[in-house]
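[1] Predicted model and sequence follow; I will ask about them next.
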Amino acid sequence: MLNPYAILMKRILLLLLLMIIGTAVHSQVIYETFRSIKLDQNRDLKIQLPRNYDTNEKKIYPLIIVLDGDYLFEPMAGNVDYFSYWEDMPESIVVGIVQDKTRMEDCRYDEAEFLPVNKGAQFFEFIGQELLPYLNQTYRTAELKIIVGHDYTSNFINYFLFKENPIFQAYINLSPELAPPMADRISNILTTSSQELWYYLATATNDADNIKKNLIALDENLSVIENPEVNYSFDNFNESSHYTLVGRAIPRALESIFEMYRPISKRTYKEVILPLETSPFEWLVDLYKTTEKLYGIKRQIRVNDFIAVSTALIKNENWDELEPLGKLATKEHPETMLGHYFLGMHYEQIGEPKKAMRAYENGFLLNEVAFLTKDYMLDKVNKIKEDFGW
């Protein structure tokens, strides 16, 4: 049995360990004070950089601006880190603007034109003319910019839609308390926009009655818009309140915005790729070209996505397409046996066993990946030798 001194020492060591862990986690977020000329005051920022940001010196990242950063930054930053860890969205830079003492003045609009006025106009210029240029200059930001707000600040983020070339491409509106003409303005802009936009809107059954009523009416207008440039999504969460809906809406918004970024799912495989009458290989190439255009990020084609397409080709006995797929996989993942396996399957099925055996042998020398092991590749080689008596 431990004596009281030993117990005390163990508790002290445990406390120190927790403090170290807490510091390590805390250090992922940078706290900055930004001097704004437009506002003539300092503004506190919270900045979360992606994991391994410092080691990936050529990589660029989408930028997410979070208003109400004093309480909205942490749930947004946590979800972004989680989603990007599982590759359901690109790693992103998250910046929260602390507004606990200034939000009403920051987002003030006049009662005649319902446009930013006084400090509200200055705050609008601060974001567009000071903060974004600073962040673009200081950090490796991609073209895609997202802005997030809650109730009063959510109304404010929509003013950026009014610009001819909006500086934000995606808007996450969490129970916005809309100015009187804002609903019509949003509907008009999303109807006529010629630029790719993502627009997410959320309310809840226990939201404030006036907000919920206005947002349901707005959704009725937005849901019938037929603009291919606009990606619109709406949620009315059951049994959530004005505040608790935030925890449910943020992941839903990220799923909506980055729907095309996620790995190919079983549903996409069954409903899209398998019944394709055109080239599955070209579909895969076009998918990555489209996501590069949408999100401004060129990325390596996932092993998961190669396998999904190859499985469909094999199931449909589309042996010819395995050749370009294999060459692309070899280019994208040269250190693995993936591409050589596809090439081996192609040659084997079109009746060129020597080329097939050579492809499998080349793959055997490389790294294992997914279900492909050295034993598996060796078995493929031996099976061909056995079949042809070599």
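    Everything's here; your move.

[2] so how far is Leu372 from Pro62?
    Using CB to CB, to the nearest Å, Pro62 is found at 33 Å from Leu372. (Glycine included, C-beta is placed from N, CA and C.)

[3] More neighbours: these two, which one.
    Each of Pro62 and Leu372 has its neighbours counted (other CB atoms under 10 Å); Pro62 has more, 26 against 21.

[4] Just confirm that one contacts Leu294, I think it does.
    No. In this structure, Pro62 is not within contact of Leu294 by CB atoms under 8 Å, at 10.6 Å.

[5] Need the overlap of contacts for those two.
    Leu144 (CB atoms under 8 Å, 6 or more residues apart in numbering).

[6] in what helix or strand does the residue lying closest to Leu161 once chain neighbours are set aside lie?
    Leaving aside its sequence neighbours, Leu161 sits nearest to Ile189 (CB to CB, 6 or more residues apart in numbering; 5.0 Å). According to DSSP states H and E, Ile189 maps onto helix 182-192.

[7] Please name every helix or strand in contact with that helix.
    Judged by 3 or more CB pairs under 8 Å, 6 or more residues apart in numbering; DSSP states H and E, helix 182-192 is in contact with strand 197-206, helix 209-222.

[8] what's the angle from the first one to helix 209-222?
    Strand 197-206 runs at 140 degrees relative to helix 209-222, counting by axes from the mean of the first three to the mean of the last three CA atoms, to 10 degrees.

[9] which neighbours does strand 197-206 have in its sheet, and in what orientation?
    strand 170-174 (parallel), strand 230-241 (parallel) (DSSP bridges).

[10] which residues are contacting the shortest one?
    Contacts with strand 170-174, where a contact means CB under 8 Å, 6+ apart, come from 72, 144-151, 154, 157-158, 160-161, 197-202, 245-246, 249-250, 253, 257.

[11] 7 Å instead, please
    146-150, 154, 157-158, 161, 198-202, 245-246, 249, 253, 257 (CB atoms under 7 Å, 6 or more residues apart in numbering).

[12] quick one: the helices in the stretch 51-200 of the chain?
    Counting by DSSP state H, counting those that start in this stretch, the stretch 51-200 of the chain has these helices, from start to end: 69-85, 103-106, 119-125, 132-138, 152-157, 182-192.

[13] Looking at the ones you listed, which is nearest to Val303?
    Ranking the helices of the stretch 51-200 of the chain by proximity to Val303 (CB to CB) places helix 69-85 first, at 16.8 Å.

[14] Now for the spatially most central residue of the chain: which residues touch it?
    Against the mean C-alpha coordinate of the chain, by CA atoms, centre = their mean, the closest residue is Met89 at 2.8 Å. Each residue near Met89 by CB under 7 Å, 6+ apart is listed here: Phe83, Leu254, Phe258, Tyr261.
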